[in-house]
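Participant: Mind folding the following:
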Amino acid sequence: MFESLSERLGGVFDRLTKAGALSEADVDAALREVRVALLEADVSLPVARDFVKAVKTRAIGQAVTKSVTPGQQVVKIVHDELIKVLAGEGEPDALKIDNPPSAILMVGLQGSGKTTTTAKLAKRLKEKNGKRVLLASLDTNRPAAMEQLAILAGQIGVDSLPIVKGETAVQIAKRAKTQAAMGGYDVVFFDTAGRLHIDEILMEEIQAVRDIAQPRETLLVVDGLTGQDAVNVATEFDSKVGISGVVLTRMDGDGRGGAALSMRAVTGKPIRFVGLGEKMDALETFEADRVAGRILGMGDIVALVEKARETFEVEQAERMAKRFAKGLFNMNDMRLQMEQMQKMGGMQGLMGMLPGMGGMAKQVEAAGFSDKMIDHQIALINSMTKKERANPDLLAASRKKRIAAGAGLDVAALNRLLKQHKQMADVMKKMGKGGMMKQAIRQMMGKGGMPDPSKMSQAELAEAAKGMQQGLSQGGGFPGMPRGLTLPAGLSGLMKKK
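Facilitator: Purely as a prediction, here's the structure:
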């Protein structure tokens, strides 16, 4: 998400922060590049023009030119203005699901990902808010659309409205509203039909359904890959139906992301969520300050900690922490860490959330460190016996050949894995002897438990980020987080060299 924009802006700010004092000409030159970067990222011209103008007004003031770190001051100004563009007048409120059965109307063009997004939101409300959810498909046009929603409902463990062939969208909406009220549901989703383009028939049908459903929220699902046309779609739907928020899908495949920057400014409607993949949990809330941080390479510590909390089991974390405190680290421990990394979005996903690491993603991948490499290493570990995983020193040359062949790899790949394991094991022993690991365990397992990042101040988050980067450079885990979150030592070493 925002890969090309982040890369271009990173280059501009690198030059700014290396300079000593900044003149007005320096700021002008940098902002011209910022404007080009925004336009190349598919941000609309009026939004890019207003953004650069607002930054320039603040950046050429005495507070910047006379600052000790003028380049960093400009970066902060750009960060603040990005938040304004993304958030508008303020962050949107949570979904209105306070008056059961609260109706949520899902609208959008065909192929935008409405049905999948409906299921993702239902899963989120069920698991995070404890809501009882009913899904109703009103798409009578697309073949198997109703069956698709019913299958997804079964996968996430929520109810779907029984399919009755021959009913119109209006009839289905009436039946869904009745069943939601009689069945004691908290939330009912109305997944409407889409079209390949906006037409009168589509709008009339949605308006009729809206009048019956009386939705608390009307969410427009837009494919982020459509660029500036997504803004036009949002404007049209809002004028004809009235929308309360936007969900941008396929943002994992859009390196530009300009639609997100333009959407709020042009339509005035908040972006509520972004879809980052096909899996049912690949949906994130859209929070302007965190997204702005990602764009500028500042990472997203809050999202990283949240992912760790969601995917890591506390009992497993405690067991591993106690082992590491004793300096114990075998192949089973290494595999658990790799699997944990995969659950949290893979190597690229993690690096995007770490401050200062986003711009290094391509360098790391070019050096051969990728999610595919992690898959290969897990396959090698799985090819070992229990005794060999517990004590890799037992491996003889003949066994190495068989293990490598069992994973479909060569012996050189296995030797690299064994070398990485030894490096990590050495680090764990040093940290265990020095008491560093025990201290980390006390912080994590103490009475206060792990701190809630959403309640931490910017200074506390910055300190957490600093600690995480120090942990990476030492080849250890992330301080203050579960001890299953250690990157392979080879990657840590590469980062240290850079």
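Participant: How confident is the prediction for the closest residue to residue 421 other than its chain neighbours, by pLDDT?
Facilitator: Spatially, and ignoring its direct neighbours in sequence, residue 421 is nearest to residue 334 (5.6 Å; Cβ to Cβ, 6 or more residues apart in numbering). To be clear about C-beta, it is placed using only N, CA and C from the backbone, and glycine gets the same treatment. As predicted, residue 334 sits at a pLDDT of 87.
Participant: List the neighbours of stretch 404-415 that are in contact with it.
Facilitator: With contact meaning Cβ atoms under 8 Å, 6 or more residues apart in numbering, stretch 404-415 is reached by 376, 377, 379, 380, 382, 383, 400, 401, 403.
Participant: rewinding a little: so what's the residue nearest to residue 421 up against?
Facilitator: Applying Cβ under 8 Å, 6+ apart to residue 334 gives the contacts 377, 381, 420, 421, 424, 488.
Participant: Out of the contacts of stretch 404-415, give me the two with the largest separation.
Facilitator: 377 and 401 (17.3 Å; Cβ to Cβ).
Participant: out of these two, which sits in the busier spot?
Facilitator: residue 377 (24 against 13; other Cβ atoms under 10 Å).
Participant: what helix or strand is the residue nearest to residue 421 on?
Facilitator: Using DSSP states H and E, residue 334 falls within helix 331-343.
Participant: Now residue 183: closest residue in space that isn't a chain neighbour?
Facilitator: Spatial nearest neighbour of residue 183, chain neighbours left out: residue 134 (6.7 Å); criterion: Cβ to Cβ, 6+ apart.
Participant: Give the helix, strand or coil label for residue 103.
Facilitator: Here residue 103 is recorded as strand under DSSP: H, G, I helix; E, B strand; the rest coil.
Participant: quick check: longest helix of the chain.
Facilitator: Looking across the chain with DSSP state H, the single longest helix is helix 411-433.
Participant: I'd like the average pLDDT over that one.
Facilitator: Across helix 411-433, the average pLDDT comes to 82.
Participant: picking that back up, which strand residues bridge the residue nearest to residue 183?
Facilitator: Beta bridges link residue 134 to residue 159, residue 188 when assigned by DSSP bridges.
Participant: Could you pull up the residues touching it?
Facilitator: With contact taken as Cβ under 8 Å, 6+ apart, residue 134 is in contact with 101, 158-161, 176, 179-180, 183, 185, 187-189.
Participant: a strand runs through residue 218, doesn't it?
Facilitator: Yes. Secondary structure of residue 218 (three-state DSSP): part of a strand.
Participant: partners of it in the sheet?
Facilitator: Note on residue 218: beta-bridge partners residue 105, judged by DSSP bridges.
Participant: Please report how far it lies from residue 209.
Facilitator: Distance of residue 218 to residue 209, given as Cβ to Cβ, to the nearest Å: 10 Å.
Participant: just the buried members of the contacts of residue 134?
Facilitator: Neighbour counting by 16 or more other Cβ atoms under 10 Å classes 101, 158, 159, 160, 161, 176, 179, 180, 185, 187, 188, 189 among the contacts of residue 134 as buried.
Participant: now the strands: where do they sit in the protein?
Facilitator: 102-107, 133-137, 159-160, 187-191, 217-223, 245-249, 271-275, 283-285 (DSSP state E).
Participant: mind listing what's buried in the longest helix of the chain?
Facilitator: Applying a neighbour-count criterion of 16+ other Cβ under 10 Å, one finds 413-414, 416-418, 420-421, 423-425, 427-429, 431-432 buried in helix 411-433.
Participant: Ok, stretch 395-407 next?
Facilitator: 395, 400, 403, 404, 407.
Participant: Equivalent analysis for stretch 269-280, please.
Facilitator: 269, 270, 271, 272, 273, 274, 275, 276, 277.
Participant: for stretch 248-264, same thing?
Facilitator: 248-252, 254, 256-264.
Participant: repeat for stretch 131-150
Facilitator: Neighbour counts over stretch 131-150 (16+ other Cβ under 10 Å) mark 131-140, 145-146, 148-150 as buried.
Participant: quick one: low-confidence ranges for the stretch 51-200 of the chain?
Facilitator: 61-72, 88-93 (pLDDT under 70).
Participant: let's see it at 80
Facilitator: For the stretch 51-200 of the chain, applying pLDDT under 80 flags the ranges 58-79, 87-94, 98, 196-198.
Participant: what do you get for the stretch 201-350 of the chain?
Facilitator: Counting by pLDDT under 80, the ranges of the stretch 201-350 of the chain that qualify are 224-230, 251-266, 287-328, 340-350.
Participant: Apply 70 and report the result again.
Facilitator: Applying pLDDT under 70 to the stretch 201-350 of the chain flags the ranges 253-257, 294, 296-318, 321, 325, 327, 344-350.
Participant: Now do residue 35, the pLDDT please.
Facilitator: For residue 35, pLDDT reads 85.
Participant: Run a quick check on it versus residue 52, I expect a contact.
Facilitator: Yes. Here residue 35 reaches residue 52: they are 4.8 Å apart, a contact under Cβ atoms under 8 Å.
Participant: my read: residue 277 touches residue 251, true?
Facilitator: No. Using Cβ under 8 Å, residue 277 is not in contact with residue 251, being 9.3 Å away.
Participant: can you tell me how far residue 110 sits from residue 217?
Facilitator: Residue 110 sits at a distance of 21 Å from residue 217 (criterion: Cβ to Cβ).
Participant: do the same with residue 194
Facilitator: 18 Å.
Participant: Neighbour count for these two, which is higher?
Facilitator: Remark: of residue 194 and residue 217, residue 194 carries more neighbours, 24 against 19, as counted by other Cβ under 10 Å.
Participant: I'm done for today, thanks for sticking with me.
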